[in-house]
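**Student:** Starting from these lines, generate the structure:
(chains A and B)
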Number of protein chains: 2
Amino acid sequence: MLGREYDQTCSIARTLEVLGERWTLLVIRDVFNGRRRFDQLQESLGIARNVLSTRLGWLVDEGILEKRPYQERPARYEYFLTEKGLDLWPVMVSLLHWGDRHLAGADGPPMVIVHKGCGGEVDDRRICRRCGKPLEVRDARAEYGPGAPPETRRRAEPART
Amino acid sequence: MLGREYDQTCSIARTLEVLGERWTLLVIRDVFNGRRRFDQLQESLGIARNVLSTRLGWLVDEGILEKRPYQERPARYEYFLTEKGLDLWPVMVSLLHWGDRHLAGADGPPMVIVHKGCGGEVDDRRICRRCGKPLEVRDARAEYGPGAPPETRRRAEPART
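**Tutor:** Numbers count the residues shown, from 1 in each chain, chains lettered A, B, ... in the order given. So this is what the prediction gives:
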């Protein structure tokens, strides 16, 4: 058993000081999934605008997100993950896989992470199940899995004529 | 970008519903580190007893911890991780490595996870840096790292004569 004085210096405790609030991790998830604008995040998460604003400011102050202007008058910003933010990918992958294993419904995972290079699924060690390559965040992308609601999948597919 | 209806069914969101509160994850961390009894957890975390009691009850109800009696009159219990709880090891490892990389002080990581078999350090894919073996939770143990406070390390070392 690790001793008592240890607790204050633990890297898990320090990480949770920064991230340990559900909305914060869901904001990060959404930015990983390409939602970059305040209104997109607010619509996706359904949280109060002042709460979202506080969380985004906190994540910028912590160096996890950076904001870049995409419009002047009125000024509007998009949020991007910094390198420190992109380093949270393993945390996202491990949360996702635990949820898939223990909390997903009978339909299976709502989202899968796939290797851009070969299309194989990314396992919980972030290794491609198909080609065996150890993957970094830029090697992978999220796709709908079998458990995604059908109406969502239809809407997200490109229009065909 | 993944669509809006997706959010409610996301495995990350569902996982955070269960775990998304700082104390909950720190209780799980402590049980991973061998603190099994109410008083040990309360001393380690320094939280109100009623809050700890609620969190432990929640984790038992969710099937992440199970309690076993170690004393009768008055009844006293120890808390153990179930298989579902042990499956959170990758989440702990990924939180730990992110904190080590971005939040640890100049002294380095306060805790390291090592492969029981060969003593090598466990990397952030849960692979042994020394022997290359992909590790499961029972293959590894936590040890003090260079960033652990000296007084803690002294107290935790076995007495010598």
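
**Student:** which residues of chain A score low on pLDDT?
**Tutor:** Across chain A, the ranges flagged by pLDDT under 70 are A:1-8, A:153-161.

**Student:** can you pull out the strands in it?
**Tutor:** A:65-71, A:76-81, A:111-115, A:140-144 (DSSP state E).

**Student:** Deepest-packed of those, please.
**Tutor:** Most buried of these by mean neighbour count (mean count of other Cβ atoms under 10 Å in any protein chain shown) is strand A:111-115; its value is a mean of 21. Yep, even glycine has a C-beta here, placed from its N, CA and C like the rest.

**Student:** which helices and strands does that one pack with?
**Tutor:** Packing partners of strand A:111-115 (3 or more Cβ pairs under 8 Å, 6 or more residues apart in numbering or on different chains; DSSP states H and E): helix A:89-102, strand A:140-144.

**Student:** List just the one of the ones you listed that sits closest to chain B.
**Tutor:** Counting by Cβ to the nearest Cβ, chain B lies closest to helix A:89-102 out of these; the figure is 2.9 Å.

**Student:** ok so, going back, taking the helices and strands packed on strand A:111-115 together, which one is wrapped up most tightly?
**Tutor:** When these are compared using mean count of other Cβ under 10 Å, helix A:89-102 is most buried, at a mean of 22.

**Student:** can you list the domains in chain A?
**Tutor:** Using automatic domain parsing, the domain parsing of chain A gives A:5-84, A:88-156.

**Student:** B:P110 is nearest to which of the ones you listed?
**Tutor:** The minimum distance between B:P110 and the domains of chain A falls on domain A:5-84, with 4.2 Å, by Cβ to Cβ.

**Student:** chain center to the closest one, what's the gap?
**Tutor:** Taking Cα atoms, centre = their mean, to the nearest Å, one finds domain A:5-84 lying 10 Å from the centre of the chain it belongs to.

**Student:** And for stretch A:91-100?
**Tutor:** Taking mean C-alpha positions (Cα atoms, centre = their mean), stretch A:91-100 and its chain are 10 Å apart.

**Student:** who's in contact with it?
**Tutor:** Contacts to stretch A:91-100, defined as Cβ atoms under 8 Å, 6 or more residues apart in numbering or on different chains, come from residues A:19, A:25, A:28-29, A:32, A:108-109, A:111, A:113, A:122-124, A:126, B:10-16, B:19, B:87-88, B:90-91, B:93-95, B:98.
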